[in-house]
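J.: here is the input, now give the coordinates:
(one chain, ligands or ions: 3)
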Amino acid sequence: MTVIMKTHLLVYLVFGNYICFAKDCPDMWTVDGNSCYLFGHQKLSFFSAESYCNQHKAYLVHINDATEDSFIREHLRDMKGLSWWIGLTDDDIENTWKLYGTNEIADFTNWAPGQPNDYGSNEDCAVFEMTPGYGEKWNDAPCSTLLLPICERPFDVSGSSIIG
Ligand SMILES: [Ca+2]
Ligand SMILES: [Ca+2]
Ligand SMILES: [Ca+2]
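T.: Numbers count the residues shown, from 1 in each chain. Ligands and ions are numbered 1, 2, ... in the order given. Below is the predicted model:
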């Protein structure tokens, strides 16, 4: 009986903690894993999109693994036929894709078949493509293209938002 009660208490504490985390994302943001996400409504160039995220104490999303990739895809399916900037570029060294704002080479990518193709030798910024023909995967595009931003803002274990 004591063990069962302790288990219930533990579950309650863990669940209660999760709710506290969720409340730490600003209004209109979506929480998943260790981050808050904002899906922008205004089309911007890649660098303007990054600035937009910075203004919200965030950065263009770093998609670190398949779980995060799936989470983003699920959300974008509700907004059919659009293209979204993610925080990934090869503008430093051609075909070396780094998480933007870091010197970290991406160890997870999910390119559409035939991508990245650096079409016209002018495609250095990464897009989460929900338009037909890309299999809901990533494409490289010219950084000046006007697309929608996906911002990410991690929060630490104390629940306060940080820039990571
Ligand atoms: Ca991330
Ligand atoms: Ca390129
Ligand atoms: Ca391309």
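
J.: show me what contacts the residue most central in space within the chain?
T.: Of all residues in the chain, the one closest to the mean position by CA atoms, centre = their mean is V61, 3.0 Å from it. Going by CB atoms under 8 Å, 6 or more residues apart in numbering, V61 touches 37, 68, 72, 86-87, 150-152. For the C-beta atoms, the positions are set from N, CA and C on the backbone; glycine is no exception.

J.: any weak-confidence spans in this protein?
T.: For the chain, the stretches flagged by pLDDT under 70 are 1-23, 156-164.

J.: longest single strand anywhere in it?
T.: Counting by DSSP state E, the longest strand found in the chain is strand 83-93.

J.: close to ligand 2, is it?
T.: Yes. Residues of strand 83-93 contacting ligand 2 under CB under 5 Å from the ion: D90.

J.: show me what counts as buried in that strand.
T.: 83-90 (16 or more other CB atoms under 10 Å).

J.: quick one: list the elements packing against that strand.
T.: Here strand 83-93 touches helix 46-55, strand 59-60, strand 96-99, strand 125-129, strand 138-141, strand 148-154, going by 3 or more CB pairs under 8 Å, 6 or more residues apart in numbering; DSSP states H and E.

J.: now with 7 Å, please.
T.: Packed against strand 83-93 by the contact rule (3 or more CB pairs under 7 Å, 6 or more residues apart in numbering; DSSP states H and E) you find strand 59-60, strand 96-99, strand 125-129, strand 148-154.

J.: so H75 lies in a helix, does it not?
T.: Yes. Checked against DSSP: H, G, I helix; E, B strand; the rest coil, H75 lies within a helix.

J.: run a quick neighbour tally on it.
T.: By other CB atoms under 10 Å, 15 other residues sit near H75.

J.: and the one 5 residues further on, by the same measure?
T.: Taking other CB under 10 Å as the neighbour definition, K80 ends up with a count of 9.

J.: does it belong to a helix, a strand or coil?
T.: Criterion first, three-state DSSP; result for K80: coil.

J.: who touches it in this structure?
T.: Residues counted as contacts of K80 (CB atoms under 7 Å, 6 or more residues apart in numbering) are M130.

J.: phi first, then psi, for the residue nearest to the centre of the chain.
T.: phi -50, psi 130 (degrees, to the nearest 10).
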